Every structure is written in C-alpha cells, then in structure tokens.
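Visitor: I would like the atomic coordinates for the input below:
(chains A, B, C and D)
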2 protein chains.
Amino acid sequence: MAHKGLSKYFRGVAAVPKIVDHDERRLELVDATWRIIARHGLESATMREIAMEAGFANGALKPYFPTKDTLLEFAFGHVFNRTNQRIAQVTKGKSGVDALRAFCLEVLPLDEERINEARIVIPFWQKAVNDPQKAAIHQQSMDEWLAAIRRFLAEARDSGDVRAAVDDSILAGQLLNMLLGAQIEAALAAEGHTDFGHAEQLEGYLALLGKNTTADGRQSGKHA
Amino acid sequence: MAHKGLSKYFRGVAAVPKIVDHDERRLELVDATWRIIARHGLESATMREIAMEAGFANGALKPYFPTKDTLLEFAFGHVFNRTNQRIAQVTKGKSGVDALRAFCLEVLPLDEERINEARIVIPFWQKAVNDPQKAAIHQQSMDEWLAAIRRFLAEARDSGDVRAAVDDSILAGQLLNMLLGAQIEAALAAEGHTDFGHAEQLEGYLALLGKNTTADGRQSGKHA
DNA sequence: GCTTATTCTCTACAACTATAGAAAATAAAC
DNA sequence: GTTTATTTTCTATAGTTGTAGAGAATAAGC
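Guide: The predicted model follows:
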C-alpha cells in the first residue's frame, strides 16, 4: 500500500523526509467522501467536491488515489472494515445468543452514525450490481457474517437458547437478509427519523428461535 | 397524464388524428429503460442509450417525458406497480398463511425476471436516499405491504397457523426486511446465479411462526 | 396529387466530468 | 538563506451529459 514510501533512503544525501503519511491521508479522504455521500448522495461525490470537503483543491487527490474508482472502492471497503472492527469489539468474550444479539445490534442502523453508513452502503450496492469486483468486497463480508451467525447459533443451541426446528444455515440467511433490509428502511427514511423498531424486531426474532408457544397461546421460555 | 391529448377535437376542421398512443409509448420507453438498467446499470441509462434501446434517436423521448428525472421516476414507480399487480393476482382468494406465502413468493427474487427487477430497484433506492419524492413512492408500497402482511398474520392467527408470542407488527417488519434484503443478495450475485435458498428461508420463517419446539428438541406442529 | 397535424431525427450547446500535468508553494536539512 | 524533495494549486483538455429546437419525415384526410 505504501506509495513512493522509501525513496529517501535510496539517495546519497539525506533528503527531505515525507511530510504527510499517505495511508493516513487516504483515510482522511475516505472520510470526506463518506460525508459527501451521506449528506448529498453519490452523484454529488465528484473529485472536486471530495477534495474541497477534505480541504484541498481539485487535483490534490491524485497522488493518493490514481482514479476516482480507486477512491470509491477504498472508501466502500472501509465501511465494511469499520463495521467488522466494531463487531469484533462487541462480540469479544461473548458467545451464543449474547454474541448474536451484540452482533446484530452493531450492524443494525440504530443511531445517526450507522444510519449514515446505511446511506453510504446503498450507493455501494448500486455500483456493485454491475461491478463484480465491488460485489466481491460485499460478498466476502457477507460470508464472514454468515459464518459468525452460524457459529453463534450453534453455541446457542448447545446452551439451549435456540431450539427452533429449522436449519441454522437457513436461520442465518434469514437474519442476514433482515439486517440488510433494515439498512434500506433506515437510509430511505426522512432525516431525523432514527427509530424503526429494529431492536424490537431483533428481540422478537431471538424469541422465535428459543421460546415455545403453547397450544393455548401462552408463551413459555426455555425452561418451560 | 394525457399529453396534448385532445387538441384535434378543438379545431374547426377534422385534423390528422393521433398516430401513437402516448400512454402506451411511455410504457415502451419504461421497458427500454428497465432493460438498460438491468443489463448495464443506472449509469448507462442515458437518454441517448434509452432512446436507442427503444429504437429511436436522441430527442425522441422529449414529447413523452419532458426530463430524464420524469422518465426515471415513472419507470421506477412502474416496477412497484407491476409487482403489486402480481401480488393482487396471486393472493386473490387466499388468506392467512396461504396468502402470506403467496405474497412473499411473489416478492422474492426467485427467477430471472424478478432478479432483474431487483437490479432495477437497487438503483432506485440509491436515488431515493437523497430524493424524498422517490422515497415516498417506495414508502407507499411498503406501507401497503406491511398492512397486507399484518392482515394475513391476523387471519393466520385465527386459523391457528400462527401462534408466535411476538406482536404482528414486529413480525411484519421482520418479514418485510427479509424480503428487501433478499433483493440485495440476488442483485449483487453473479449473472446466472438464481438459487439463493430464499424459498427455504420463507418456509423456515413460517415454521417459526407456527410450530412449537418442545423442551427436548422434538418439533411439534399446530395440533401438538 | 395536396394539406396539415404529428412525430422523429439531427445538430447544437452549455454544463459538468475525470484526468493530466506544468507551475507554484511548502517544509525540512544544510 | 539555499537546496531539494514533496505537496498542492491551477489551468487545460477530451469526453459525456441533459436539453433545446429547427427541420425532415410521416401518415391521414381531402
């Protein structure tokens, strides 16, 4: 990833060292890109707008991202990176239903920050529909998510928290699609709207997986 | 919606009658737009490309759609119209779980045609994220879908097919998000990939709503 | 054939885009 | 201050876009 990184060490004289950390600068530019897309949409994310948002003039992005597509792909990829990092944090030390709940609560667009991420991921999906390389970025994270969900489900079955007579792979697919659909609902809602009942939907789903409903309609938990 | 529709009747002499049905022509243009978007994405859907796909030259769309945005909004709205029409057909005469199943099977991207519709609706969502008028088109259909799902659920509870101890509004939200998420999975997959297990996910979900899981893990149906 | 309303083609244009690259500005080392 | 590598600005360019509108082509009624 290092760009022109070591040239100074190959010179005879001690030359002027690098001023800006290129990797860090790339992240700043990605951040500016996110802000533009979240605020005004992908069509407003022109090289000029992004440069201005980051505090630079038109051509300043060139040394860090050779083309716009490079920038966008890097920016989109970083949304997943960030989410995956947060997932690792909140699921650390947890297992079973606890881990599954933490995972979903982290992916769901429950606050302004993650609603903005939903507003970024939808333009990404739109690009990915006709760009296999971008679709692969999406697919890789989805495969990881599915594997994580299945692992949590298996643990939850061991502890008796999940007892549904449905295959775990099918349950994982259901849950993943629910999480993705929630992004759409949140991203399309009017600004300021932040509560979509997604947390309740999650609890309801977890209840479906673990609890029984008796013939007369009374609910019973795992110790019933 | 009629455009220049009645001018001939306001003349003294019997003038030349309309040659083309404007409403029908608009549908042809929408169809061409769909084909372009499904095949090469929203960015390729230029006025020139659309006109050519429909068999016309550049300026020929003008009399039928004054602007590109008019055309796109009409095209996107018609995806929902078509889906809603199909929904009405397949749910007619049904109720409860049967109607719910038919509804979902019609919305899910289970064949090439509906996968193409998923490839159209994602660009629409991307536009709707920053266009309240388009978002409203989406929201109206979603409100209708939610109402339909709740109605089917209520019927299914009456007949005993649904006995989950979770509020129907929450269940409806879960199911709707699953349906939307399925569109994303299907649209981003490589061409030719048509089986995503969505039908199995639906059956699994319906099973969660109705069947019990006893403490020792044995599954029991509604007559248990 | 002619007339007339309608439809379509084609050219034109102004705005905007990503990108390239020369020139200026900058900041460290001496 | 001077030098030098780096960074940034700024201008230029080639391409594409939506839109406008004049003119040609078309088709029906006479």
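Visitor: Which secondary structure state is assigned to the residue of chain A found nearest DNA strand D?
Guide: Proximity of chain A to DNA strand D (C-beta to the nearest atom of the strand) peaks at A:Gly59, 2.2 Å away. Quick note: C-beta positions are derived from backbone N, CA and C, even for glycine. Here A:Gly59 takes the helix state, with states given by DSSP: H, G, I helix; E, B strand; the rest coil.
Visitor: Could you pull up the residues touching it?
Guide: A:Gly59 makes contacts with A:Ala51, as judged by C-beta atoms under 8 Å, 6 or more residues apart in numbering or on different chains.
Visitor: How about the one 5 residues further on?
Guide: With contacts defined as C-beta under 8 Å, 6+ apart, A:Tyr64 is in contact with A:3, A:22, A:25-26, A:29.
Visitor: Most neighbours among the residues you listed, which one?
Guide: A:Leu29 (22 neighbours; other C-beta atoms under 10 Å in any protein chain shown).
Visitor: Now for it: which residues touch it?
Guide: A:Leu29 makes contacts with A:50, A:54, A:61, A:64-65, A:71, A:75, as judged by C-beta under 8 Å, 6+ apart.
Visitor: Same question for A:Gln174.
Guide: Per C-beta under 8 Å, 6+ apart, neighbours of A:Gln174: A:205, B:178, B:201, B:204-205.
Visitor: can you pick the most crowded of these?
Guide: Within the contacts of A:Gln174, most neighbours by other C-beta under 10 Å means B:Met178, with 27 neighbours.
Visitor: Tally up the residues packed near A:Ile120, please.
Guide: Using other C-beta under 10 Å, A:Ile120 is surrounded by 23 other residues.
Visitor: what's the answer for A:Gln85, then?
Guide: When neighbours are defined as other C-beta under 10 Å, A:Gln85 has 10 of them.
Visitor: ok, it to A:Val30 distance?
Guide: Applying C-beta to C-beta, to the nearest Å, the value for A:Gln85 to A:Val30 is 14 Å.
Visitor: and if you look at A:Ala128?
Guide: Using C-beta to C-beta, we find A:Ala128 at a distance of 17 Å from A:Val30.
Visitor: A:Glu43: how many residues sit nearby?
Guide: Neighbours of A:Glu43 using other C-beta under 10 Å come to 12.
Visitor: now it, nearest residue through space, not along the chain?
Guide: Nearest in space to A:Glu43, with sequence neighbours left out and distances taken as C-beta to C-beta, 6 or more residues apart in numbering or on different chains, is B:Asn130 at 7.9 Å.
Visitor: what's the answer for A:Glu73, then?
Guide: A:Lys134 (6.3 Å).
Visitor: any idea how chain A splits into domains?
Guide: Domain segmentation of chain A under automatic domain parsing yields A:19-66, A:69-210.
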